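[1] pasting the sequence and the predicted coordinates here, then a few questions.
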Amino acid sequence: MPREQLDTLCYKIREGLPKWRDIFTWQLFKTLLMGQGLSVLICGTAVTSQYLASIYYLDTPMLQSFINYTLLGITYTMVLIFRRGDGNILQILKKKWWKYLLLGLTDVEANYAVVKAYQYTTLTSIQLLDCFIIPVLMILSWFFLKTRYRIIHYVAVCICLAGVGAMVGADILAGQEQGSTSDILLGDGLVLVSATLYAISNVCQEYTVKNLSRVEFLGMIGLFGSIISAIQLGVLEHNEVSKIQWTWEIALLLAGYALCMYGFYSFMPVVIKMTSATAVNLSLLTGDLFSLFCGLFLFQYTFSGLYIVSLVVILIGFIMFNTVPTLTRALDPASDEEGCENHAVDFDNNSIEGCVDEMSCAQVEQDQIKNQMNERQSACVVINSVKM
């Protein structure tokens with residue numbers, strides 16, 4: 001092969017390979033940090049719920065959810081009330097009240113189903129089956145958000161799930177089978193239902209925060225979530241609530257749970273807007289690990305080195321998932337309401353506009369490389385002519 005062709009081939013290979021500075025960016029570090037912050041908040045809700053259930057024998061999941069939705073309503077729904085124009089709550093309810101009613105119902109029942117599952121099955125089963133949300137999210141994002149994943153994304157998901165497998169293996173070896181086993185089949189079914197409902201809620205959340213408004217999503221969730229949870233609280237848990245012997249410890253734990261959940265709901269849309277619902281849920285897989293680490297000191301769990309292995313593997317998978325952007329076809333909310341679809345294509349993370357699929361994007365990149373080569377060759381000819 002001639003030397004000129006060899007140099008051109010080497011140049012194309014070098015240009016085609018991702019550089020370290022292109023992978024480990026400040027954006028990736030910020031996404032990783034915020035994702036783990038959400039995991040810490042999830043850990044806070046798990047620890048406070050464990051204390052309420054095991055120490056004070058308080059089993060009121062709808063009461064805890066009601067407090068969270070009420071806080072969301074007090075803040076974000078009030079903002080919508082004082083807005084003017086199309087962002088006002090009356091205009092939103094006039095056009096989309098039934099959509100947010102269904103979304104609020106989905107979110108409330110997802111929270112309720114996973115908490116009820118602890119009464120029937122083990123923590124190990126819940127940790128495993130809760131990962132069902134990842135494939136459901138990817139399928140829903142494929143059909144409704146027009147997200148197109150690449151091979152590296154599927155590999156990254158498999159790596160994260162392997163990390164969860166290591167965590168579950170550590171639980172089994174340590175003999176930590178927290179939870180009941182009264183009806184394992186019912187409990188596992190509740191976990192799968194919860195994961196599916198969470199996936200639906202997260203896909204709707206991603207669409208809303210990227211195309212409409214984060215405040216609109218949280219305000220509507222706070223409004224309908226508080227109404228639905230209040231009705232369900234009165235029907236299902238009025239006896240349990242009336243029997244509560246209020247102490248400052250119980251009040252403090254309920255407040256801690258509510259604040260952690262409120263912070264989780266408030267900041268999750270921010271991270272989803274930066275990445276995607278799938279990426280956020282991959283980062284949340286470490287939430288169970290943080291809960292186990294807290295359990296080492298609070299509930300005398302047995303430590304296993306597989307916990308550290310699981311944490312590292314999940315973080316590696318999360319980083320791999322975010323190093324390569326997904327291909328997303330952006331939908332126009334206005335035209336979507338009228339049944340029309342805007343076929344403009346958009347990329348995450350400063351991608352090339354106007355590409356319809358990965359083949360066309362690759363062609364654009366090749367054209368750019370050819371143009372750069374032509375420019376360099378032209379520059380060399382000019383320099384040589386000057387020297388002569």
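    The structure has been received and is ready for your questions. Residues are numbered from 1 along each chain as shown.
[2] where does the stretch 1-150 of the chain have low pLDDT?
    1-24, 122-124 (pLDDT under 70).
[3] show me where it has its strands.
    For the stretch 1-150 of the chain, the strands defined by DSSP state E, counting those that start in this stretch occupy 147-148.
[4] in this structure Leu223 contacts Thr75, no?
    No: contact criterion Cβ atoms under 8 Å: Leu223 and Thr75 do not qualify, at 11.5 Å. C-beta: built from backbone N, CA, C; applies to glycine.
[5] okay, those two: which has more neighbours?
    Using other Cβ atoms under 10 Å as the criterion, Leu223 and Thr75 rank with Leu223 on top: 24 against 15.
[6] name the SS class of the more buried one, please.
    Using DSSP: H, G, I helix; E, B strand; the rest coil as the criterion, the local structure at Leu223 reads helix.
[7] what residues are up against it?
    Counting by Cβ atoms under 8 Å, 6 or more residues apart in numbering, Leu223 touches 73, 77, 89, 100, 104.
[8] my read: the third one touches Met78, true?
    No: using Cβ under 8 Å, Ile89 is not in contact with Met78; the gap is 9.2 Å.
[9] and these two? Which one has more around it.
    Using other Cβ under 10 Å as the criterion, Ile89 and Met78 rank with Ile89 on top: 19 against 13.
[10] once you drop chain neighbours, what's closest to the more buried one?
    Nearest residue to Ile89, sequence neighbours excluded (Cβ to Cβ, 6 or more residues apart in numbering): Leu80, at 4.0 Å.
[11] does the one you found touch Gly87 like I think?
    Yes: under the criterion of Cβ under 8 Å, Leu80 makes contact with Gly87 at 6.9 Å.
[12] what do the two both touch?
    Counting by Cβ under 8 Å, 6+ apart, the common neighbours of Leu80 and Gly87 are Glu216.
[13] which one's more surrounded, those two?
    Higher neighbour count among Leu80 and Gly87: Leu80, with 23 against 16, using other Cβ under 10 Å.
[14] close enough to count as contact, Ile221 and Val108?
    No: Ile221 lies out of contact with Val108 (Cβ under 8 Å); the separation is 9.2 Å.
[15] quick check: neighbours shared by those two?
    By Cβ under 8 Å, 6+ apart, the residues touching both Ile221 and Val108 are Tyr69.
[16] about what we covered before: got a markdown table for the contacts of Leu223, with distance to Thr278 too?
    Output for the contacts of Leu223, formatted as a markdown table (distance: Cβ to Cβ, whole Å):
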| residue | distance to Thr278 |
| --- | --- |
| Gly73 | 28 |
| Thr77 | 28 |
| Ile89 | 30 |
| Tyr100 | 23 |
| Gly104 | 22 |
